[in-house]
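Visitor: Please find the sequence and the predicted model below.
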Amino acid sequence: MKRKSKGAFLFLTPSVLLLLIFFIVPIILTIYFAFTNMALTGSAARNLQFIGFQNFTNMFQDPDFRISVWRTLVFLIFSAVIGQVILGFILALLMKEKNVTFRRIIGIIVIAGWVTPEIVVAFCMVAFFSDNGTLNQIIGWFGISPVSWLFSFPMVSVIIANIWHGTAFSMMVYQSALDEIPKDIEEAATIDGANNFKILRYITIPMVKGSIVTNMMLVTLQTLGVFTLIYTMTGGGPGTSTQTLPVFMYNQAFVNYQFGYGTAISLVLLVIGIVASLFYMKSMKVKV
Amino acid sequence: MKTNKLKVTMTAAMASLLLLTTACSSGNSGSGANAEGKEEVTITFRSSGSEDTLTKYFESGLIDKFESENPDIKINIAPVLASEGDYTSKIVLQMKSPDTAPDIVAEDTSIIKSDAAAGYLEPLDTQVAGWSDWQDKFIANLKSGVTGEDGKIYGIPATSDTRGIWYNKELLAEAGIAVPFQPASWEEVLEAARTIKDKLPGVTPLNMIVGKSSGEGVTMQTLEMLLYGTNDTLYNNDTKKWVVSSAGLLDSFKFINQVFNVDKTGPTMQVALNGQAGSIAFQQLFPQGKLAMAVDGSWAGSTWFENGAAPIENVADKMGFAPFPTQNGQEPGAITMSGGWAWSIPAEAQNKEAAWKFLEFLMNQENATARVVAEGNLSPRSDSVDVAGYTDRTFVAEAQALLEVAQFRPANDEYATVSAQLQSLVESVASGKLAPEAAVQQLNDNVTRSLGEDKVEVK
């Protein structure tokens, strides 16, 4: 018995080592760097010093940080919670029990946005919203003069881009959840005189609650980390109008070269992610 | 039993993966000499793409010549394809480790003090002490740009430049503006732009670099060109403090606001905030006759030369280069900011001696001049004027003359931080998201917060 467990331990060593090297050490280092003055260049780069909560104090006094938190929330609520989650649910519901060809056609259109890499989505969206882009040509047919979408409505543009990119994921999660609902329950409800809305409200949604929470959490965490899309489309600008926390973090770390400050911001981003996940679980009363 | 077998296979696979990664990580390190016993010198610089003149310059026989004279040294060129801002962070990350540090690196003189303070660069004092060209031939005031705060030399200046107003002579004449264009104050620049807007619809009157994706160009070519033409500066050399609020600063932001939001004589935001705003102006808008004026560097005109990216025939007849005026025409009448690039040796470089040998070769009279000729820059060597082809280039005389009124960026390792703030603020003002007064206030707040109250002053 003893020999056996020793052998097992030996075989486990590589995976433990891998976890240690690629997961645990970077996380601990990140937390440590957030409390230092680590910089990419300048004299601070030579003298790495532990500066306690200085980065966090600076952050909460920084108006740019507060703006970025606000922009992140706006982006999150409109592009993830309202856009992807609700739109994905509606799409899944509309496609339920429709014929296979219809489902396939719609599915392919929506999934096209999802399988496209983020950077390609960004370029497509720049082409769509630019001065001579598709959108301006379409509104041109109706005699409306072109609008500089990326500069007049930058936040709306990146939100639409993210919805386009992410909705398919929610749709697929809901589709599989809706397919799991036994048909006879809904039929029984219909016989009892429930209308479509009541079925949705009292049967369908409660039965897919677990999927909704999981999906909300995944979509929220994914959206919190969206960087490529925004950075490529607007660079966080004009000014700071689309500067979400990841863009702000990048600017501090790689434009201002303040790594310590950048990592401190990343920790705050992590905390927001955790809080949002807990909130969803609590509000939907789901145990994970 | 089956699962056990699977587990064993998986563990074995993971173990071999781990071995493989360790093997890979040790494989790269400590490459000082190659298989033939030659010392390898890697030289890193910023490339803007496949048509990059610096790469062409190296490949034009220069390296072959050096290698045949020094058979024990092999030169590798390693251009970094990146925007100006990204280039800085990429080379800094490379220089941090002896495994990745190049042997020679191109440094923008705006970041050299910062990198020197960080310990990334090798002091070159002993080397230049034994190099007579350094004392006699290099223009003295360019040396301050490569001197660290500790007084040591950290680079050899390779290019220098000035900035002014590039303009299309035909368009200005068409709008009834006297050519050669010689504005005596900011107001005359604004007035000319307004005239062009009125008379020539479809032509962008005045291009200025304002998108923060253009990096340092925003600070130097736009904000500092304005600011140093007022009675204020960005840094007070006497008190060693940053001037984060002054009348000159406010007026500079007001000028930008005037161009982009009041007169609307600037380019569209789509062009202005593009990271390639400079290339769009010089490679597309100017040659197509859709742009009348642009505040930009002295090298930009080389775009239109025969071997440039967008050649213009009889360029000297069609295009002009005017000094940028001081605010109200006060002394010295015109203003320019001067900067440039230098060659440095990283502290972690593997082959410093061979690197210095190549640097001396690279910066001798003939080769140093050949580079600035190819790039349309000004030479840091005073004896370049003796080389055929240097002074008779179009626009060079005008650009060279401006060196007399040249101002240099603050010689301080905090410059990068302040410059990044300014880039963001200029973009906000130009795009109409921030009023000039609010921009000054934000600069004051942000710089005070990041550098400390003892580092700033208000005028």
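Guide: Arrived safely, thanks for sending.
Visitor: Dead centre of chain A: give me the residue that sits there.
Guide: A:Thr223 (1.4 Å; Cα atoms, centre = their mean).
Visitor: distance of it from B:Gly248?
Guide: The spacing between A:Thr223 and B:Gly248, counted by Cβ to Cβ, to the nearest Å, is 43 Å. Every C-beta, even on glycine, is put in place using the N, C-alpha and C of the backbone.
Visitor: do A:Ile139 as well
Guide: 43 Å.
Visitor: These two: who's more crowded?
Guide: Set side by side, A:Ile139 and B:Gly248 show more neighbours around B:Gly248, with 19 against 13, by other Cβ atoms under 10 Å in any protein chain shown.
Visitor: The more buried one contacts B:Asp232, doesn't it?
Guide: Yes. Between B:Gly248 and B:Asp232 there is a contact under Cβ atoms under 8 Å: 3.0 Å.
Visitor: In space, what's closest to whatever residue of the stretch 201-350 of chain B ends up closest to chain A - neighbours in sequence excluded?
Guide: When you check the stretch 201-350 of chain B against chain A by Cβ to the nearest Cβ, the closest residue turns out to be B:Met269, at 4.1 Å. Ranked by Cβ to Cβ, 6 or more residues apart in numbering or on different chains and with sequence neighbours excluded, the top spatial neighbour of B:Met269 is A:Phe151, at 4.1 Å.
Visitor: any idea how far A:Asp131 is from that neighbour?
Guide: Applying Cβ to Cβ, one obtains 9 Å for the distance of A:Phe151 from A:Asp131.
Visitor: ditto for A:Phe254
Guide: Distance, A:Phe254 to A:Asp131, using Cβ to Cβ: 29 Å.
Visitor: neighbour-wise, which of these two wins?
Guide: Set A:Phe254 next to A:Asp131 and count neighbours by other Cβ under 10 Å: A:Phe254 wins out with 19 against 15.
Visitor: so what secondary structure elements neighbour the helix or strand hosting B:Phe66?
Guide: Using DSSP states H and E, B:Phe66 sits within helix B:63-69. In terms of contact count using 3 or more Cβ pairs under 8 Å, 6 or more residues apart in numbering or on different chains; DSSP states H and E, helix B:63-69 is assigned the packing partners strand B:73-81, helix B:352-362.
Visitor: can you pull the pLDDT of the residue lying closest to B:Arg371 once chain neighbours are set aside?
Guide: Counting by Cβ to Cβ, 6+ apart, the nearest residue to B:Arg371 once its immediate chain neighbours are dropped is B:Tyr57, at 5.4 Å. Per-residue confidence at B:Tyr57 stands at 91 (pLDDT).
Visitor: The residue of the stretch 201-350 of chain B closest to chain A against A:Ser148, yeah?
Guide: Yes. Applying Cβ under 8 Å as the test, B:Met269 and A:Ser148 come out as touching, 5.9 Å apart.
Visitor: Looking at these two, which is more packed in?
Guide: Counted by other Cβ under 10 Å, B:Met269 and A:Ser148 do not tie: B:Met269 has more neighbours, with 22 against 16.
Visitor: that's a strand at the residue nearest to B:Arg371, yeah?
Guide: No. Secondary structure of B:Tyr57, determined by DSSP: H, G, I helix; E, B strand; the rest coil: helix, with no strand assignment.
Visitor: and it, how many residues sit next to it?
Guide: The criterion is other Cβ under 10 Å. On that basis, B:Tyr57 has 20 neighbouring residues.
Visitor: thinking again about what came up before, now do the contacts for the residue nearest to B:Met269.
Guide: When the contact criterion is Cβ atoms under 8 Å, 6 or more residues apart in numbering or on different chains, the partners of A:Phe151 are A:Pro238, B:Met269, B:Gln270, B:Leu273, B:Ser431.
Visitor: Correct me if wrong, but B:Lys143 is in a helix.
Guide: Yes. When classified by three-state DSSP, B:Lys143 is found to be part of a helix.
Visitor: rewinding a little: tell me which helix or strand the residue nearest to the centre of chain A sits in.
Guide: Once you assign secondary structure using DSSP H and E, A:Thr223 falls within helix A:209-224.
Visitor: repeat for B:Ala292
Guide: strand B:291-297.
Visitor: Now do the host helix or strand of B:Arg46 and strand B:73-81, the angle between them.
Guide: Assigned by DSSP H and E, B:Arg46 belongs to strand B:39-47. Taking axes from the mean of the first three to the mean of the last three Cα atoms, to 10 degrees, one finds that strand B:39-47 is oriented at 20 degrees with respect to strand B:73-81.
Visitor: Check which residues of strand B:39-47 are buried.
Guide: B:Glu39, B:Glu40, B:Val41, B:Thr42, B:Ile43, B:Thr44, B:Phe45, B:Arg46, B:Ser47 (16 or more other Cβ atoms under 10 Å in any protein chain shown).
Visitor: with those residues in mind, which one is nearest to B:Asp115?
Guide: Sorting the buried residues of strand B:39-47 by distance to B:Asp115 puts B:Thr44 at the head of the list, at 13.1 Å, by Cβ to Cβ.
Visitor: Please look at the closest one and B:Thr100 and confirm they touch.
Guide: No. Between B:Thr44 and B:Thr100 there is no contact under Cβ under 8 Å: 9.9 Å.
Visitor: Can you work out which residues contact both of those two?
Guide: Between them, B:Thr44 and B:Thr100 have B:Gln94 as joint contacts when contacts are counted by Cβ under 8 Å, 6+ apart.
Visitor: Can you pull the residues of the stretch 351-459 of chain B lying near chain A?
Guide: With Cβ under 8 Å from any Cβ of the partner chain as the criterion, the stretch 351-459 of chain B meets chain A at residues B:413-414, B:416-417, B:420, B:424, B:427-428, B:431, B:433-434, B:442, B:445-446, B:449-450.
Visitor: So which of the residues you listed is the closest to B:Gly215?
Guide: The closest of those, once distances to B:Gly215 are taken by Cβ to Cβ, is B:Ala420, at 8.8 Å.
Visitor: now that closest one, nearest residue through space, not along the chain?
Guide: According to Cβ to Cβ, 6+ apart, the nearest residue to B:Ala420 is A:Asn256 (4.7 Å).
Visitor: what about that neighbour, neighbour count?
Guide: By the measure other Cβ under 10 Å, the count of residues near A:Asn256 is 20.
Visitor: swap in B:Trp166?
Guide: 26.
Visitor: Please give the element, helix or strand, for it.
Guide: Using DSSP H and E, the secondary-structure element containing B:Trp166 is strand B:163-168.
Visitor: Would you quantify the distance from B:Ile177 to B:Ala374?
Guide: For B:Ile177, the distance to B:Ala374 under the criterion Cβ to Cβ works out to 33 Å.
Visitor: scratch that, B:Ser185 is what I was asking about
Guide: Using Cβ to Cβ, one obtains 36 Å as the distance from B:Ser185 to B:Ala374.
Visitor: surely the residue nearest to the centre of chain A meets A:Val74?
Guide: No. Applying Cβ under 8 Å, one finds A:Thr223 not in contact with A:Val74, separated by 11.3 Å.
Visitor: by how many degrees do the strand holding B:Ala292 and strand B:163-168 diverge?
Guide: Counting by the same axes, to 10 degrees, strand B:291-297 lies at 160 degrees to strand B:163-168.
Visitor: Great, nothing more from me.
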